[in-house]
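J.: just the structure for this:
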Amino acid sequence: MDIKIDDLNGGEVVQLLKEHLEDMYATSPPESVHALDVSALKVPEITFFSCWKGEQLLGCAAIKELDSNHAELKSMRTSNHARNLGVGTLLLNHVLNVSSDRGYKKISLETGSQEFFKPARNLYEKFGFQYCDPFADYKPDPHSQFMSCTLGETFS
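T.: Sure thing, here's the model as predicted:
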C-alpha cells in the first residue's frame, strides 16, 4: 500500500469523500456533521493523503494545522471494499509520523459518539488518543467525541 499527498482532483478520491459525507449525514444530525467537502479540504493549512494499492483507492486522511504545535486529524476514511485490511491503521500511523516530523506536539480529532463510529474510536484509543474537551472552534455536542494525542515519538 502506498500513501501519497493528494491534490483532490481524482474522481476516486472525490467519490470516497462523497460517500464519507453521506455516511456522516446518515448517522448524525446536520449540525453535528463536521466532515469537510472537497473544496473545504483544498485550503493551505490542510494536507490530504490518499492510500492506494496499485490503481485502487483504499482510503484517505488529512492533517489540518491549527497552530505550530497543534494539528487536527480530518477526513479519515477507509473505502468500503478495503475494510478490515489495516488501511486505517496504516493511514493513522502515517498521519501521526508526519505530524511528529512537522513538530506538532499534539493532534486532536472529532468523531461521532454513535455506535457507527465505535471502530474508529477503538482505533484512535489503540494509538494513544484520549478523550478531551472540545478544541479549536468546536462546541460541546452529545453527538461528538473529542480526542487528542500527545506527539513527540515515532509511531509504528
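
J.: quick one, helices of this structure?
T.: 11-27, 38-41, 87-101, 118-126 (DSSP state H).

J.: out of the ones you listed, which one sits most buried?
T.: Relative to the other members of those, helix 87-101 carries the highest mean neighbour count by mean count of other Cβ atoms under 10 Å, namely a mean of 19. Placement of C-beta: from N, CA and C, glycine included.

J.: what's the single longest strand in this structure?
T.: The strand of greatest length in the chain, counted in residues with DSSP state E as the criterion, is given as strand 56-67.

J.: got the helices of the chain as CSV, with mean pLDDT columns?
T.: Formatted as CSV, the entries for the helices of the chain read as follows, by pLDDT from 0 to 100:
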stretch, mean pLDDT
helix 11-27, 91
helix 38-41, 93
helix 87-101, 95
helix 118-126, 95
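
J.: to Ala61, which of these lies closest?
T.: Taking Cβ to Cβ as the criterion, Ala61 comes closest to helix 87-101 out of the helices of the chain, the separation being 4.4 Å.

J.: which residues sit against the closest one?
T.: In this structure, residues lying in contact with helix 87-101 by Cβ atoms under 8 Å, 6 or more residues apart in numbering are 1, 3, 47, 49, 51, 58-61, 63, 71, 73, 76, 78-79, 107, 120, 123-124, 127, 149, 151-156.

J.: that older thread, summarise which helices and strands the longest strand of the chain is packed against.
T.: The helices and strands touching strand 56-67, judged by 3 or more Cβ pairs under 8 Å, 6 or more residues apart in numbering; DSSP states H and E, are helix 11-27, strand 46-53, strand 70-78, helix 87-101.

J.: to Pro134, which of these lies closest?
T.: Each of the helices and strands packed on strand 56-67 has some distance to Pro134 by Cβ to Cβ; the shortest is strand 70-78, at 11.7 Å.

J.: partners of the closest one in the sheet?
T.: Strands that pair with strand 70-78, judged by DSSP bridges, come out as strand 56-67 (antiparallel), strand 106-112 (parallel).

J.: may I see the buried residues of that strand?
T.: In terms of neighbour count (16 or more other Cβ atoms under 10 Å), strand 70-78 has its buried residues at His70, Ala71, Glu72, Leu73, Lys74, Ser75, Met76, Arg77, Thr78.

J.: I figured Leu21 was touching Asp37, is that so?
T.: Yes: checked against Cβ atoms under 8 Å, the pair Leu21 and Asp37 is within contact range at 6.4 Å.
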